[in-house]
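Asker: Provide a 3D model corresponding to the input given below.
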Amino acid sequence: MIASIFFVACTPTEEEPRFIEIENEPAPANVIFVTPTVAPTMVPTAVRFIPSATPTETVEPSPTPTITATVDVSVMCDAIVENLYTEASNLCLSGPTGYFCNGGLPPIAEPEGPAANGLGVVGALIEASEIDSVRTSPLATNNSGGVVWLRLEEDIKLDALMIGDVQITNAVPPGSEFPKWQNFILESHMSPSGCEGIQDVGVVVAQGLYGQTTRIVVNGVSLDINGTVVILTQGTTTKFMAIEGQARVISFGQPAVLNAGMQMNIDYNPGDWTSPIGLPGNPIVMEYDLIKHLPIVLFDRPVEIPQAGYVETQGRVNMRTGPDINSQLLFQVPAGEVMSVLGVSTDRAWYHIRLGNGETGWMSAELLSQSVGIIQNVYDSTPVPPQRLGDLASKASVIVSQGGNLREAPDVGFGVKQTIPFGAEVELIARSPYSPWVKVVAGDQTGWMALITIETESVINSLPIDYQVPLPPRATPTPSFSFGGGHAYPDPNGGF
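Answerer: Model prediction:
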């Protein structure tokens, strides 16, 4: 049932990849440059819990305030979505598999009955097997909006997040060998909110476990997802947009591979979303404006929306921490690597890119083959990675019975500053560039702790990397790409 994705970016060529380097760039000494792995970086996300009793208190939305000439509409809109997104995150982000979780206004659910009624409670967990159809409300409606999570059965390994005015209907017939909701019909609705920066068209964000391919069927089209895909309908067209990793769209047996930043449009007869009317065409650059306001903080794995299109290395290219030749070198990326574009420097000479393994950095634009649309994100300072809202974003607790060591830097070779007792809460502020360690604040102390000593629902890959940490006091002969590895390492054969 699960099909492999064709990793076209990593296909070897018969010709030896040529080395591309910016002229007169000094070569750093005593450093090994390592190549990123094909497999995406594995990071911990939410730990799913066993659902408790469904809440019984119904939360009534307050009336939408009347907008007058004295009201700052943008401030009002920001307050609405901040409250909505924060409450939804706290209530639903770490939900269990096989359940719907409502994070906002009561959706319209069928069939009518206790399950459908229960889904109207904010934070409610209702078994997906009890529901046949769900329609969510537009965002910024009555001081709230429509946000519903559908976490499919454990063996499907995929979550579907409904945002704004969108309806999904189960298409798996009773008695089928396939789990309910692995096949569903989707229809989007456009509902302008009057708030700038709010997602107006309803979408479903389908996100699989990082590094694992999962198949679902949407509007009669098979999707093999390795990453994150946004799905919406407009007119008589279903639009599949890859925003992370890769996806394969299969219609009438014909497959097409989607790289992040690309989209596939599939046409249908009016009013019938059950079956396409033709073969898939060629992928096109993504319509970025349609989804640029998606609340990525609500994703189970927050991921920045890429710009339209993608770039590809033509030879070995250096990837750096900033848009400057003097910025710290992260690693050299080999030829044939397909990468999504997150932004561009103000002089348009450098692209801020994301590799297939989730790592980000800067590359010289002139060294890349470009298949991009209009790049709207322009900046020279690397943005902070998107992270969850609320209590899940930065909290962790010590799980070692004898306490966890807080060290001066992210390696056991550095000194211990303090032992943090079992159960103590710490605040996560950064991650290591070369090891599975995080920088934390514990009381009045700041230091580094190994990930194996703490428990957290924060997305580690969304923590900023602290590149200023000292190198390990001993050589690292086998670099690890987990938890943000793949950067410059000390040479085990010649100094540090």
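Asker: for the residue positioned nearest the centre of the chain, what are its contacts?
Answerer: Closest residue to the average C-alpha location of the chain: Val303 at 2.8 Å, with CA atoms, centre = their mean. The contact partners of Val303, by CB atoms under 8 Å, 6 or more residues apart in numbering, come to Gln207, Thr228, Ile243, Glu244, Ile296, Pro386. Backbone N, C-alpha and C define where each C-beta goes, glycine included.
Asker: and if you look at Glu87?
Answerer: By CB under 8 Å, 6+ apart, the contact list for Glu87 reads Gly103, Gly104, Val122, Gly390.
Asker: mind redoing it with 10 Å?
Answerer: Glu87 makes contact with Val59, Gly103, Gly104, Val122, Gly123, Ser144, Val147, Leu389, Gly390, according to CB atoms under 10 Å, 6 or more residues apart in numbering.
Asker: look up phi and psi at the closest residue in space to the third one that isn't next to it in sequence.
Answerer: Once its chain neighbours are removed from consideration, Gly104 has its nearest residue in Val147; the separation is 4.2 Å (CB to CB, 6 or more residues apart in numbering). Reported as degrees, to the nearest 10, the phi and psi values for Val147 are phi -140, psi 110.
Asker: I'd say Val147 and Val297 touch.
Answerer: No - assessed by CB atoms under 10 Å, Val147 is found out of contact with Val297, at 11.2 Å.
Asker: and the two? Which one has more around it.
Answerer: Val147 (28 against 20; other CB atoms under 10 Å).
Asker: OK, contacts around Ile420?
Answerer: Here Ile420 is in contact with 397-398, 400, 403-406, 426, 440, 442-443, 445, 447, 449, 453-454 (CB under 10 Å, 6+ apart).
Asker: of those residues, buried ones?
Answerer: Buried members of the contacts of Ile420, scored by 16 or more other CB atoms under 10 Å, are Val398, Val400, Gly404, Asn405, Leu406, Val426, Val440, Ala442, Gly447, Met449, Thr453, Ile454.
Asker: need the nearest residue in space to the first one, chain neighbours excluded.
Answerer: Looking back up the chat, that one is Val398. Take Val398 and drop its neighbours on the chain: the residue closest to it by CB to CB, 6+ apart is Gly404, 4.4 Å away.
Asker: touching, the one you found and Pro421? I think so.
Answerer: Yes - the pair Gly404 / Pro421 is scored as a contact, 8.4 Å apart, by CB under 10 Å.
Asker: which residues are common contacts for those two?
Answerer: Val398, Ala442.
Asker: that older thread, how near is the residue nearest to Val398 to Asp155?
Answerer: Per CB to CB, to the nearest Å, Gly404 is found 34 Å from Asp155.
Asker: same list (the buried ones among the contacts of Ile420) but as a markdown table, adding secondary structure and distance to Gln332.
Answerer: Below are the buried ones among the contacts of Ile420 laid out as a markdown table (DSSP: H, G, I helix; E, B strand; the rest coil; distance: CB to CB, whole Å):
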| residue | secondary structure | distance to Gln332 |
| --- | --- | --- |
| Val398 | strand | 38 |
| Val400 | coil | 37 |
| Gly404 | strand | 35 |
| Asn405 | strand | 34 |
| Leu406 | strand | 34 |
| Val426 | strand | 35 |
| Val440 | strand | 31 |
| Ala442 | strand | 37 |
| Gly447 | strand | 32 |
| Met449 | strand | 31 |
| Thr453 | helix | 33 |
| Ile454 | strand | 33 |
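Asker: identify the farthest-apart pair in the residues you listed.
Answerer: In those, two members sit farther apart than any others by CB to CB. They are Val400 and Gly447, at 15.0 Å.
Asker: re earlier: what pLDDT does the residue nearest to the centre of the chain get?
Answerer: At Val303 the predicted local distance difference test score is 90.
Asker: for it, give its distance to Arg354.
Answerer: In this view, Val303 and Arg354 are 9 Å apart by CB to CB.
Asker: show me what the closest residue to Cys92 other than its chain neighbours is bridged to.
Answerer: Closest residue in space to Cys92, ignoring its immediate chain neighbours: Cys101 at 3.9 Å, by CB to CB, 6+ apart. Per DSSP bridges, residues listed as beta-bridge partners of Cys101: Leu125, Trp149.
Asker: tally of neighbours for Cys101?
Answerer: Cys101 has 24 neighbours, counted by other CB under 10 Å.
Asker: repeat for His189
Answerer: Counted with other CB under 10 Å, His189 comes out at 17.
Asker: report the contact partners of it.
Answerer: Neighbours of His189 in contact, by CB under 10 Å, 6+ apart: 135-138, 164-167, 200-202, 232-233.
Asker: any chance of the residues you listed in JSON lines with pLDDT, neighbour count and distance to Leu329 as columns?
Answerer: Below are the contacts of His189 laid out as JSON lines (pLDDT from 0 to 100; neighbours: other CB atoms under 10 Å; distance: CB to CB, whole Å):
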{"residue": "Arg135", "pLDDT": "97", "neighbour count": "19", "distance to Leu329": "50"}
{"residue": "Thr136", "pLDDT": "97", "neighbour count": "27", "distance to Leu329": "46"}
{"residue": "Ser137", "pLDDT": "95", "neighbour count": "24", "distance to Leu329": "48"}
{"residue": "Pro138", "pLDDT": "94", "neighbour count": "23", "distance to Leu329": "46"}
{"residue": "Gly164", "pLDDT": "95", "neighbour count": "30", "distance to Leu329": "42"}
{"residue": "Asp165", "pLDDT": "96", "neighbour count": "24", "distance to Leu329": "46"}
{"residue": "Val166", "pLDDT": "97", "neighbour count": "26", "distance to Leu329": "44"}
{"residue": "Gln167", "pLDDT": "98", "neighbour count": "21", "distance to Leu329": "49"}
{"residue": "Asp200", "pLDDT": "93", "neighbour count": "18", "distance to Leu329": "42"}
{"residue": "Val201", "pLDDT": "95", "neighbour count": "21", "distance to Leu329": "41"}
{"residue": "Gly202", "pLDDT": "97", "neighbour count": "26", "distance to Leu329": "43"}
{"residue": "Leu232", "pLDDT": "98", "neighbour count": "27", "distance to Leu329": "40"}
{"residue": "Thr233", "pLDDT": "98", "neighbour count": "24", "distance to Leu329": "44"}
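Asker: so which of these belong to strands?
Answerer: When the contacts of His189 are checked against strands (DSSP state E), the matches are Arg135, Val166, Gln167, Leu232, Thr233.
Asker: how near is Asp324 to Met264?
Answerer: Distance of Asp324 to Met264, computed by CB to CB: 36 Å.
Asker: got it, and Ile305?
Answerer: Ile305 sits at a distance of 17 Å from Met264 (criterion: CB to CB).
Asker: more crowded one of these two?
Answerer: Under the criterion of other CB under 10 Å, the comparison of Ile305 against Met264 puts Met264 first, with 25 against 22.
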